[in-house]
Every structure is written in structure tokens, then in C-alpha cells.
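[1] Coordinates for the following, if possible.
(chains A and B)
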Amino acid sequence: MATYKGIQGYKVEYLSADPPDSTSVGQLWYNDSGSGAFKIGTSVSGSWSAGGALNTARSMMGGTGSQTAALAFFGAAPGDPSGAVLVSEEYNGTAWTNSTSGTSRRYNGGSIGQTSTDAGYAGGYGAPPPPLGKAFTEVWNGSSWTEKGDLNSGRQGFFGGAGTTTAGLVAGSGPADGATETFNGTCWTETANLITARQYAPVTGATQDAAMCVGGYGVPAASPYSNGPGSRIGITETWNGTSWTHVSGTLNLGRISAALSGTTTAAIIAGGSTGDPAPPTTTTATAETWDGSSWTTVGSLGAAEEEMGSSRTGGNTTALSFGGNPGGSISATEEWTDPIYTIKTVTTS
Amino acid sequence: MANTYCTATNTGKGFFTHQDRNNFFLSGHAGDVWVVGNNAAGVSWINRVSGTGKTKAEAQAIVDGKVEEAQVAYDALPAEEKTRNPRPVKYTLP
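    Residues are numbered from 1 along each chain as shown, chains lettered A, B, ... in the order given. Here you go, the predicted model:
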């Protein structure tokens, strides 16, 4: 009988245990000499899988953290009398657990912070009476929410933010005036506006001096609110601590209200509302990754969603999308992992 | 036939895995409707999640019903909130 060594000139290595998935790609080994089975490590392109469901189904919430340690906060839930909720939930990679609630009901606010123990929520739609655009800021320290200085003007239509609760940034709100504000842990300061004024434009970034704003849509400058949705755009702008810059990489599919996670050099955007020109618009399941210079279409969400919360860290290799719409607020979570490592057993004969 | 249709409740972690996404087309819609690639892995997934098989017309009717519910909810929104998004529209399942 021909042997592997006789054919290939090499012996297959015996390992008492499988190597880590990420280091096994392209390797061939066996564990059990009696099984006649070899193992090989493979990798395939990333995909979204189902994660644990939120305890409170909602949309337009804040989010931060990683795929295995995330925080969801505030948001909109149609069943709530005010439409806005205070609930915070923590994710451990498997399930969401209710945590301490905030004090000011809001949704569509800006999210700062990088971890599940350092988060902030600024502005957003509040409960009636008008004006619904709020300026409140609350900061989470891992166990409780504390009110901090207000935004310089009440506004809504944020998705995400950048930096931490002592050096944060929000941008891309409504009315679509391009306003950008930075936070020092105590108060907010207005700074240079986005080049392209827009709202419902996701923002992410690791620090106050390194952020990106993607997609969104504009409204007539003279109107406090939109006369109707404009075209969903794919423009990407990056922030260097002083000014915004249009970068050449635009989304393959313009969108608003999408889940954006990562940094200015590695990020992923998923879902959202598309349509160019609009209306009509469509909720999309598509996703794109950012490598610092261009967007690449990757595997889609399991279900088309918009107005989700998202994790903040993980670059373009791991991320979470949770909650959102349509069909009323949903509780579903999806987990992005790229690449997917698999150890396969091959039977010799 | 490229796709098959079912309803199934998303039970959270493990409901669909990375392996599933690699093995067959999967697309979720309102009303717990799932469009599933019509291959052995897709059929196996429907069984695993205790999905209830639907014809395309039945699945489309469920989604249309949910869109109509969303339209009613949208119509009841204050004018300011209607600026946030356009009125939901019906669409055709793949």
C-alpha cells in the first residue's frame, strides 16, 4: 500500500491536540493513529452568524465594546409609552444581560466609548413634549450612568461616535448641518463641521483624533427637518483631530442608519436603508469592509436590517450588529467574523 | 428552483452559524420568514430550526402583511418623526 511519505516524501506530524484554528491553515496532522484520519486547517471568507437576542427589542440605540464584551444602551421600542427606553444590556459573546438603566429616555443619540465599561450617550430624540431633539449626555462607568455636560445644541439622527468618555466625538446629526462636537469628559465643544452635511451617517473611531463618517443623507439647509429623504450617499470622510477630509473610497452601496464598527484603518459597515435616488428606499442586508482606503463588499447579514446598534472594536475582522428594524424593533444579534477558520477531518483510503 | 421558504423563530446564538452561511443562501424577512437556498444543507437547516415550510406565495403574503402593519404604524407617526424614514414599501422576495 502506498504511504503518504512514499507519495509526498514527508511524514504527517502527530499532534496530541489540534493547534489553534488561526495557525492551522494549510497544515496537515493527525491525533489518533487508529482512526486513519488526517486533519487539515482551512479558512474561508467571513460571514455573519446569529448571536444571542436582546432582552428588550429596540432600534436606534447606542452601542460599544467588542464582539464578546459589548454594551447596548437606550433606543426606541414601539411598545414603550414614550417610544424611547432607558435599558442597558451587556453581551458576553453568547447572551445579553440586563444592566443598570440610564435616566433620560432617548434614541438616535451619539455613542462614545470603546468598551462595555466606558460608554456615553449624547443627544437624540427624547420623549415628548417637543422639541424632541435633546442635548443631554450620560456616561457609563461599568456600573451606573452619570449625567454630564450637554451638547451645545439639541439634536438627533446620530449613529455611533468615536473616542472615549474623556475624549470623545460625535458628528453627522440632524438637522443635517454637519455639526461635530468633541467631549473632554465634562463638556462638549463645537469644532469643524463635516464637509458634506448629513444625518443618520454612521461614525466610528478609536480616538477623538481618528474618526470616520460614512454614508448618511442630507436635507435642505433651510429646513429644520427633512422635506423627505434625500439620496443615500456613500461618501466617506475621515477626521484627524482638526478637520474632516473626503477620502476617495466611497461605499459600493450608499446607505443610512447602518451598523458601523472599527477604526479609520479597519472597519465594517452593515445593513441600513438604501436607495439612490430615494424614495423608494430598501432595507439592505449587504455589508462592506474598509481597509483604510477602499470599501469591499463582503458577506451579507442573515436578515436585512437598519437602525441597529453596533460594537466599536474589532476592526474589520469581528463585529456585532444588534436590534434594529424593520417590522417593528427586533431583538436579533448578528456576529461578524472574518476569516472563518475550520479544522476538517479527511479520511485516508 | 433556487430557493425554498419557511417561517422559523430566531432563537439566538446558533440559530444560523458561519458554517450555515457558507453552505447555503439565507435571507431573513419580517414575520420570521426565511428564504433558504434549496440544497441539502438548506433543507437540513430548516429541519434543525423546526421551520415551517411555505410556498413562495405564502411567504410573500406574510411579508406583505408585516409591511402593511408597518405602513399603518408609519401613518400614525407625528410629522416630525416621518422625516426619519420614508413609508415602508412592499417588495418581492428573492
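[2] helix/strand/coil for the nearest residue to residue A:152 once chain neighbours are set aside?
    Nearest residue to residue A:152 in three dimensions, chain neighbours excluded: residue A:190, at 5.2 Å (C-beta to C-beta, 6 or more residues apart in numbering or on different chains). Quick note: C-beta positions are derived from backbone N, CA and C, even for glycine. Classification of residue A:190 using DSSP: H, G, I helix; E, B strand; the rest coil returns strand.
[3] Enumerate every residue touching residue A:190.
    A:152, A:179-181 (C-beta atoms under 8 Å, 6 or more residues apart in numbering or on different chains).
[4] can we see that at 7 Å?
    Neighbouring residues of residue A:190 by C-beta atoms under 7 Å, 6 or more residues apart in numbering or on different chains: A:152, A:179, A:181.
[5] Surely residue A:204 is in contact with residue A:264?
    No: using C-beta atoms under 7 Å, residue A:204 is not in contact with residue A:264; the gap is 8.2 Å.
[6] what touches both of these two?
    Joint contacts of residue A:204 and residue A:264 (C-beta under 7 Å, 6+ apart) are A:211-212.
[7] Of the two, which one has the most company?
    residue A:204 (30 against 21; other C-beta atoms under 10 Å in any protein chain shown).
[8] residues from chain B in reach of chain A?
    B:10, B:12-18, B:21-22, B:26-31, B:66, B:70, B:80, B:83, B:85-86, B:88-89, B:91 (C-beta under 7 Å from any C-beta of the partner chain).
[9] out of those residues, which are buried?
    B:10, B:12, B:15-18, B:21, B:26-31, B:66, B:70, B:80, B:83, B:85-86, B:88 (16 or more other C-beta atoms under 10 Å in any protein chain shown).
[10] Show me where chain B has its helices.
    B:18-23, B:40-48, B:56-75, B:79-82 (DSSP state H).
[11] which regions of the stretch 151-300 of chain A sit below the pLDDT cut-off?
    A:176, A:218-232, A:275-281 (pLDDT under 70).
[12] In terms of pLDDT, where does the closest residue to residue B:46 other than its chain neighbours sit?
    Leaving aside its chain neighbours, residue B:46 sits nearest to residue B:6 (5.0 Å; criterion: C-beta to C-beta, 6+ apart). Note on residue B:6: pLDDT of 98.
[13] wait, what's in contact with residue B:6?
    B:34, B:36, B:46, B:51-54.
[14] which two in these are spaced the farthest apart?
    Largest separation among the contacts of residue B:6 by C-beta to C-beta: B:36 and B:52, giving 12.1 Å.
[15] shaky segments in chain B?
    In chain B (pLDDT under 70), the answer is B:1, B:80-81, B:83-85.
[16] Can you give me the domain boundaries for chain A?
    A:4-44, A:47-337 (automatic domain parsing).
[17] Quick one: list the elements packing against the host helix or strand of residue A:112.
    Using DSSP states H and E, residue A:112 sits within strand A:110-115. Applying 3 or more C-beta pairs under 7 Å, 6 or more residues apart in numbering or on different chains; DSSP states H and E, one finds that strand A:110-115 contacts strand A:62-65, strand A:118-126, strand A:168-171.
[18] Against which helices or strands is the first one packed?
    Using 3+ C-beta pairs under 7 Å, 6+ apart, the elements in contact with strand A:62-65 are strand A:70-73, strand A:110-115, strand A:118-126, strand A:309-310.
[19] Tabulate those (a markdown table), appending mean pLDDT.
    A markdown table is the format used below for those (pLDDT from 0 to 100):
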| stretch | mean pLDDT |
| --- | --- |
| strand A:70-73 | 98 |
| strand A:110-115 | 98 |
| strand A:118-126 | 94 |
| strand A:309-310 | 98 |
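[20] Might one say that residue A:243 is in contact with residue A:192?
    Yes: shown here, residue A:243 and residue A:192 form a contact pair, counting by C-beta under 7 Å, at 5.0 Å.
[21] on that earlier part again, so which of the contacts of residue B:6 comes closest to chain A?
    residue B:34 (8.3 Å; C-beta to the nearest C-beta).
[22] what's near enough to touch the residue positioned nearest the centre of chain B?
    When C-alpha atoms, centre = their mean is applied to chain B, the residue found nearest the centroid is residue B:29 (2.0 Å). By C-beta under 7 Å, 6+ apart, the contact set of residue B:29 is A:303, B:35, B:63, B:93.
[23] ranking those by neighbours, who comes first?
    residue A:303 leads those on contacts (other C-beta under 10 Å) with 28 neighbours.
[24] Distance-wise, check the residue nearest to residue A:168 when sequence neighbours are not counted relative to residue A:203.
    Nearest non-adjacent residue to residue A:168, counting by C-beta to C-beta, 6+ apart: residue A:112, 3.2 Å away. Residue A:112 is 10 Å from residue A:203, where distance means C-beta to C-beta, to the nearest Å.
[25] Need the overlap of contacts for the two.
    Joint contacts of residue A:112 and residue A:203 (C-beta under 7 Å, 6+ apart) are A:161-162, A:170.
[26] Let me have those residues in JSON lines, extended by distance to residue A:233.
    Shown next, in JSON lines, are the shared contacts of residue A:112 and residue A:203 (distance: C-beta to C-beta, whole Å):
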{"residue": "A:161", "distance to residue A:233": "19"}
{"residue": "A:162", "distance to residue A:233": "20"}
{"residue": "A:170", "distance to residue A:233": "19"}
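[27] Of those, just say which sits nearest to chain B.
    Looking across the shared contacts of residue A:112 and residue A:203 and measuring by C-beta to the nearest C-beta, the closest to chain B is residue A:170, at 17.8 Å.
[28] who's in contact with the closest one?
    Counting by C-beta under 7 Å, 6+ apart, residue A:170 has contacts A:110, A:112, A:122, A:158, A:161, A:181, A:203.
[29] For it, name its beta-bridge partners.
    residue A:181 (DSSP bridges).
[30] who's in contact with residue A:96?
    A:52, A:54-55, A:89-90.
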